[in-house]
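1. Need a 3D model of the following:
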Amino acid sequence: MKWKTEEIPIKQLATGHNLSIKTHTISGLDGPHIHIQASVHGAELQGNAVILKLMEKLKEIELHGSITFVPLANPWATNNKHGTYTYGRYNPVTGDNWNRNYIDIFQIYNDELKTFCSQLKNDSWATIKKEFKSFLKSTIEKHMTELEMQKKISNNNKLNLFLQKLAAKADGILDLHTGPTATRYLYASDYAEERAKYLLFKYVLIMPSVFAGAMDEAGFMPWIHLQNTFKEIGRDIDLDIESYTLEFGSEETFCMKSATDDVESIINFLKFKGLIKEEPKTIISHYSKLENYQTIYSPAGGLVDYNISPGDMYKKGDVLASIYNLSTLDPEKPIESTQEEIKAIQDGIVINRCPSSSVHEGMELFQIMRHTYTK
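-> This is a model prediction of the structure:
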């Protein structure tokens, strides 16, 4: 197997110095291509431990295909420290979420897509897939050139367009993230629900195949548009391209010991995709539709004592947390005078919680899965 490393300048700073991204591509025998990136949100570090573990594992494996790794995919976010905290989720200049700046390319170039489909209507799926990857890459490049000519490459979009272009040739896209304080969970599109089981996550959120600005959607939506456009001209296509967001626990944490287990999810996915010639396994997981993924907001300001942790299941009526408002403190009854319990109004599973125990009224306390089903 061969490794190829590239360094690409991605952002020029006020000093004139450039921030760069390094990509590492391993190529084995003929087979599918997988794109894996981490740390688009700068505080979300565990994906890099997973990448290192996977690179180490690949020394022992005959690979039928290729993989491009993009660790530390957003160096601007990784380097943006506020005290000991990494302010890595939002662009500090514009306030935009770094994982909401991708584009739905064929909303812009829909006519070109229609022409592409009409020209290849009678070709094999293998041919269509190969040609579409090239077409997708060139369309993104065209859009970037047009933006540059119009001086519209912004503080937000250069990085995201570059990552989209890099992933255009992929048969599977894995965007590695973490939550604030979170269990391990997976975002999968509805068309790939049955295939999501090969990533071995215990908790899976199923989202509709629509675009909301994230990398996983930027990965699968071109193929959804392709499928829909072919259907309009009388040809049905079953997609075998997937794009997922993998949430590996909590931000600001880098743990090689945990990555030993984390990497097995990706190894199993590579087996499913045919890059490793072994049978993949599956597990029984808890699923929930994205519409049933709910945020519980704090009803008051104060100091929070969390009763349940990410990954915990709870029942209606359980106490999820207690908030202590010290402005109402009565020294004669210190606990009773300050405490307010937050009780569950329905059954659920905690996925994320606020990493701080000091909250204002209206801040996010928990993100929970409701109406779950197993399979």
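2. And for the chain, the residue most distant from the center?
-> residue 332 (49.8 Å; C-alpha atoms, centre = their mean).
3. so which strand or helix has that residue?
-> Using DSSP states H and E, residue 332 maps to neither a helix nor a strand.
4. same check, this time on the one 3 residues further on
-> When elements are assigned from DSSP H and E, residue 335 belongs to helix 334-338.
5. Geometric centre of this structure: which residue is closest?
-> Note: the chain centre (C-alpha atoms, centre = their mean) maps to residue 245, 2.8 Å.
6. per-residue confidence for it?
-> In this model, residue 245 is scored at 98, pLDDT.
7. so how far is residue 192 from it?
-> Counting by C-beta to C-beta, to the nearest Å, the gap between residue 245 and residue 192 amounts to 12 Å. (Glycine included, C-beta is placed from N, CA and C.)
8. wait, residue 375 sits on residue 197?
-> Yes - if you go by C-beta atoms under 8 Å, residue 375 and residue 197 touch, sitting 7.4 Å apart.
9. Compare the two and say which is more crowded by neighbours.
-> Neighbour count, other C-beta atoms under 10 Å: between residue 375 and residue 197, residue 197 has more, with 21 against 12.
10. which one is the more buried one nearest to, not counting chain neighbours?
-> Spatial nearest neighbour of residue 197, excluding adjacent residues (C-beta to C-beta, 6 or more residues apart in numbering): residue 282 at 4.4 Å.
11. what's the spacing between residue 153 and residue 205?
-> Taken as C-beta to C-beta, the span from residue 153 to residue 205 is 32 Å.
12. what comes up buried for stretch 280-291?
-> 280, 285, 286, 287, 288, 289 (16 or more other C-beta atoms under 10 Å).
13. Quick check: bridge partners of the last one?
-> With DSSP bridges as the criterion, the beta-bridge partners of residue 289 are residue 206.
14. pretty sure it contacts residue 372?
-> No - here residue 289 does not reach residue 372: they are 9.4 Å apart, not a contact under C-beta under 8 Å.
15. can you pull the contacts of residue 226?
-> Residues near residue 226 by C-beta atoms under 8 Å, 6 or more residues apart in numbering: 106, 113, 117, 128, 132, 237.
16. Run a quick neighbour tally on the last one.
-> The burial count assigned to residue 237 is 16, neighbours taken as other C-beta under 10 Å.
17. isn't there a helix covering residue 50?
-> Yes - Residue 50 forms part of a helix when assessed by DSSP: H, G, I helix; E, B strand; the rest coil.
18. Model confidence at it, what's the number?
-> At residue 50, pLDDT is 98.
19. now swap in residue 74 and tell me
-> Looking at residue 74, its pLDDT stands at 97.
20. Now for it, how many residues are close by?
-> Neighbours of residue 74 using other C-beta under 10 Å come to 27.
21. Residue 24 versus that one, what's the distance?
-> 16 Å.
22. wait, isn't residue 353 in contact with residue 309?
-> Yes - counting by C-beta under 8 Å, residue 309 is a contact partner of residue 353 at 7.5 Å.
23. So these two - more neighbours on which side?
-> residue 353 (26 against 11).
24. give me every residue that touches that one.
-> 180, 181, 182, 306, 309, 310, 365, 366, 367.
25. Of the residues you listed, keep whichever come out buried.
-> Applying 16+ other C-beta under 10 Å to these flags 180, 181, 182, 306, 310, 365, 366, 367 as buried.
26. need the contact list for residue 19.
-> By C-beta under 8 Å, 6+ apart, the neighbours of residue 19 are 9, 10, 11, 12, 13, 75, 76, 79.
27. next structured bit after the lengthiest helix in the chain?
-> Ranked by number of residues, the top helix in the chain under DSSP state H is helix 125-149. Heading C-terminal from helix 125-149, the first helix or strand you meet, by DSSP H and E, is helix 157-167.
28. what is the orientation angle of that next one with helix 125-149?
-> 160 degrees (axes from the mean of the first three to the mean of the last three C-alpha atoms, to 10 degrees).
29. so what secondary structure elements neighbour the helix or strand that helix 157-167 is followed by?
-> Remark: after helix 157-167, the chain's next helix or strand is strand 172-179, criterion DSSP H and E. Judged by 3 or more C-beta pairs under 8 Å, 6 or more residues apart in numbering; DSSP states H and E, the packing partners of strand 172-179 are strand 29-38, helix 46-57, helix 215-232, strand 242-250, helix 256-273.
30. follow-up on the earlier one: quick one: which of residue 153 and residue 205 has more around it?
-> More neighbours surround residue 205 than the other of residue 153 and residue 205, with 23 against 15 (other C-beta under 10 Å).
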